[in-house]
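**Student:** got a sequence here, can you model it:
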Amino acid sequence: MQDPSAEGRIRSRTALRTTLLTPLFAFLLTAAFATSALAHAVTAGDQGYIQEISGVNLIPFMYLGAKHMVTGYDHLLFLLGVIFFLYRMKHIGIYVTLFAIGHSTTMLLGVYFNVGINSYIIDAIIALSVVYKALDNMGAYQRWFGFQPNTKAATLIFGFFHGFGLSTKILEYDIAPDGLVPNLLAFNVGVEIGQLLALGAILIVMSFWRATPSFFRHAYTANVAMMAAGFVLFGYQVTGLFVS
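**Tutor:** Numbers count the residues shown, from 1 in each chain. This next block holds a predicted model:
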């Protein structure tokens, strides 16, 4: 039989390791995704290319859409949070579809009707969506408020905000009106392709991690780190809003 005092020391060491690892994970996640504020920025090369062409250019816009999503680290962080505790492909498909419907709708309408939102504000909201989902995964709302928010509705609503983030950046391309609708649709197809590629990579990593005993031991810590990264990204955007 294990000595209770020894068991207490083991628990203390485990708690200490968790306390030490949490800021480390937060730092690593933040370092990995700190370029999020720049990830959605329109590169000079891409912007110059788009401004020089006109008419229907499906392949270039599909490429730009895929590139935009794959390098959109805050979008990927939110997706990671959404699928973190989803195991069945059916459930993953439902949530990813809701997210896709949300961001596709506002992206297309935002660009078509020239609805631009301050990029710092919309990216700050996107950062808060990461915080929201991390807290949801940690069961914070049930402990704090005694109820569980509708996760499907939240995914769709935050998808709308992510879509406005996309449309705001697309407007920076100053796309020619000639062939606008086909090019927008091609861009959206590219976004979905990029999302599927990124999601596939995330699921592969998650499947290997879930097969290890460490998953449930460190799942809470990982979500704390995700939440911390979201707050850092939020602070970055708010700072940019006031100093720009």
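
**Student:** residue ranges with poor pLDDT in this protein?
**Tutor:** Where the chain drops to pLDDT under 70, the residues are 1-45, 47.

**Student:** of all residues in it, which one is nearest the centre?
**Tutor:** residue 75 (2.3 Å; C-alpha atoms, centre = their mean).

**Student:** need the contact list for it.
**Tutor:** 69, 103, 126, 162, 165, 195 (C-beta atoms under 8 Å, 6 or more residues apart in numbering). The C-beta positions use only the backbone N, C-alpha and C, and glycine is treated the same way.

**Student:** show me which pair in the residues you listed is furthest apart.
**Tutor:** With C-beta to C-beta as the measure, no two of those lie farther apart than 126 and 195, at 14.5 Å.

**Student:** which one of those two has more residues nearby?
**Tutor:** residue 126 (26 against 22; other C-beta atoms under 10 Å).

**Student:** can you pull the contacts of the more buried one?
**Tutor:** 74, 75, 78, 158, 161, 162, 165.

**Student:** narrow the residues you listed to those in helices?
**Tutor:** Counted as lying in helices by DSSP state H, out of these, are 74, 75, 78, 158, 161, 162, 165.

**Student:** of the residues you listed, which is the nearest to residue 118?
**Tutor:** Out of those, the member with the shortest distance to residue 118 (by C-beta to C-beta) is residue 165, at 10.9 Å.

**Student:** buried residues in stretch 210-227?
**Tutor:** Within stretch 210-227, the residues that count as buried by 16 or more other C-beta atoms under 10 Å are 218, 219, 221, 222, 223, 224, 225, 226, 227.

**Student:** output the residues you listed as TSV; include the columns secondary structure and distance to residue 146.
**Tutor:** TSV is the format used below for the buried residues of stretch 210-227 (DSSP: H, G, I helix; E, B strand; the rest coil; distance: C-beta to C-beta, whole Å):
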residue	secondary structure	distance to residue 146
218	helix	27
219	helix	22
221	helix	25
222	helix	25
223	helix	20
224	helix	22
225	helix	26
226	helix	24
227	helix	20
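
**Student:** which positions within the helix or strand where residue 154 lies qualify as buried?
**Tutor:** Secondary structure assigned from DSSP states H and E places residue 154 in helix 151-171. Going by neighbour count (16+ other C-beta under 10 Å), the buried part of helix 151-171 is 154-156, 158-171.

**Student:** same deal with stretch 98-116?
**Tutor:** 98-100, 102-108, 110-111, 116.

**Student:** let me know the closest of the residues you listed to residue 53.
**Tutor:** Distances from residue 53 to those, taken as C-beta to C-beta, are shortest for residue 111 (16.3 Å).

**Student:** that closest one touches residue 167, doesn't it?
**Tutor:** Yes - judged on C-beta atoms under 8 Å, residue 111 makes contact with residue 167 at a distance of 4.8 Å.

**Student:** what sits against the closest residue to residue 181 other than its chain neighbours?
**Tutor:** Distances taken as C-beta to C-beta, 6 or more residues apart in numbering put residue 112 closest to residue 181, at 7.3 Å, once the chain neighbours are dropped. Applying C-beta under 8 Å, 6+ apart to residue 112 gives the contacts 180, 181, 184.
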